[in-house]
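A.B. asks: Predicted model, plus sequence, below.
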Amino acid sequence: MLNGTGRNRKAAEVCTKALVLHPMQAELYTNLGVAHWYLGEHRTAAADYRRALALKPGDAQTLYNLGLVLEALGAPKEAAENLRRAVELSPKSPDYLAGLGQSLTSMGDIPSAVEVFKYSLAEDPDNLDGQCQTKMHGLPKT
């Protein structure tokens, strides 16, 4: 795919054309959302991710992507809900855990965020995001 290569407008065009032929392909909506994310079109990306989830509700990567874009849009509560679902589906993913921890931090729920980061470090002691966050909140490395 062309996403992340600086050719995101082209990636969005390719996905849009492919969706004409395959409108029930959740992955195409997810890829379109990624292209819109990189283009800074966060509201459009959120809509793309929601379409993907309507077709494939339990996709942890799309839930994670939607959570990140909602966080960027200033909706940390809704972001946390999606990130929590992603973590439930893939509980050992350092990225999903870090995203949830960040969202909980944005909401001001520091105790829950710290627990998420501690769990993340227990699963992956080399997780730099978890290390930074626990140090910021005055916790020793587990």
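C.D. replies: The structure has been received and is ready for your questions.
A.B. asks: Only the buried residues of stretch 25-41, if you could.
C.D. replies: Neighbour-count burial for stretch 25-41, counted by 16 or more other Cβ atoms under 10 Å, picks out 25-38, 41. No exception for glycine: its C-beta is placed from N, CA and C like everyone else's.
A.B. asks: measure the nearest residue to residue 81 once chain neighbours are set aside to residue 7 for me?
C.D. replies: In space, and not counting its chain neighbours, residue 81 is closest to residue 67: 7.9 Å by Cβ to Cβ, 6 or more residues apart in numbering. Distance from residue 67 to residue 7, counting by Cβ to Cβ, to the nearest Å: 25 Å.
A.B. asks: And the two? Which one has more around it.
C.D. replies: Neighbour totals were compared for residue 67 and residue 7, and residue 67 leads with 28 against 15 (other Cβ atoms under 10 Å).
A.B. asks: Mind telling me what element the more buried one is part of?
C.D. replies: helix 60-72 (DSSP states H and E).
A.B. asks: Cool, thanks, talk later.
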